[in-house]
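**Student:** give me a 3D structure for the following:
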Amino acid sequence: MVTKKKKEAHVVVTLVKRPSTEKLRKIAWSMGLRKMNDTKRYPDRPEIRGMIFAVKHLLSVTEES
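**Tutor:** Numbers count the residues shown, from 1 in each chain. You can find the predicted model right below:
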């Protein structure tokens with residue numbers, strides 16, 4: 001029996017401002033955002049949403065379906 005995979009939603013995140021504190025730098029670094037205007041694509045999961053929420057003032061976020 002073959003099951004179809006659901007198409008998973010994704011979130012595209014771009015670093016638009018420089019992190020000012022060490023805590024914010026660590027969160028951005030752990031998301032793979034090393035330099036200004038770095039863009040990464042992640043699956044829409046609660047873990048990723050939590051990291052985005054912590055540094056939401058530094059990011060530009062768009063959702064893909």
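**Student:** middle-most residue in the protein, spatially?
**Tutor:** V13 (4.5 Å; CA atoms, centre = their mean).
**Student:** quick check: phi and psi at that residue.
**Tutor:** phi -120, psi 130 (degrees, to the nearest 10).
**Student:** what's the spacing between it and E22?
**Tutor:** V13 sits 20 Å away from E22 when distances are taken as CB to CB, to the nearest Å. Any C-beta I mention is one placed from the backbone N, CA and C, and that applies to glycine too.
**Student:** do the same with E63
**Tutor:** Relative to E22, E63 is positioned 29 Å away (CB to CB).
**Student:** work out the gap between the helix or strand hosting M51 and the centre of the chain.
**Tutor:** M51 is part of helix 46-54, with elements assigned from DSSP states H and E. Centroid separation between helix 46-54 and its chain, computed with CA atoms, centre = their mean, to the nearest Å, is 7 Å.
**Student:** how about residues contacting the next helix or strand after it?
**Tutor:** Where DSSP H and E defines the elements, the next helix or strand beyond helix 46-54 is strand 59-64. Outside strand 59-64, the residues that touch it by CB atoms under 8 Å, 6 or more residues apart in numbering are 9-16, 33, 41, 44, 52.
**Student:** show me the contacts for the residue nearest to the centre of the chain.
**Tutor:** With contact taken as CB under 8 Å, 6+ apart, V13 is in contact with 31, 33, 39-42, 52, 59-61.
**Student:** how close does it sit to K56?
**Tutor:** Going from V13 to K56 by CB to CB gives 10 Å.
**Student:** same check, this time on I27
**Tutor:** In this structure, I27 and K56 are 11 Å apart, going by CB to CB.
**Student:** between these two, which is the more surrounded one?
**Tutor:** More neighbours surround I27 than the other of I27 and K56, with 19 against 12 (other CB atoms under 10 Å).
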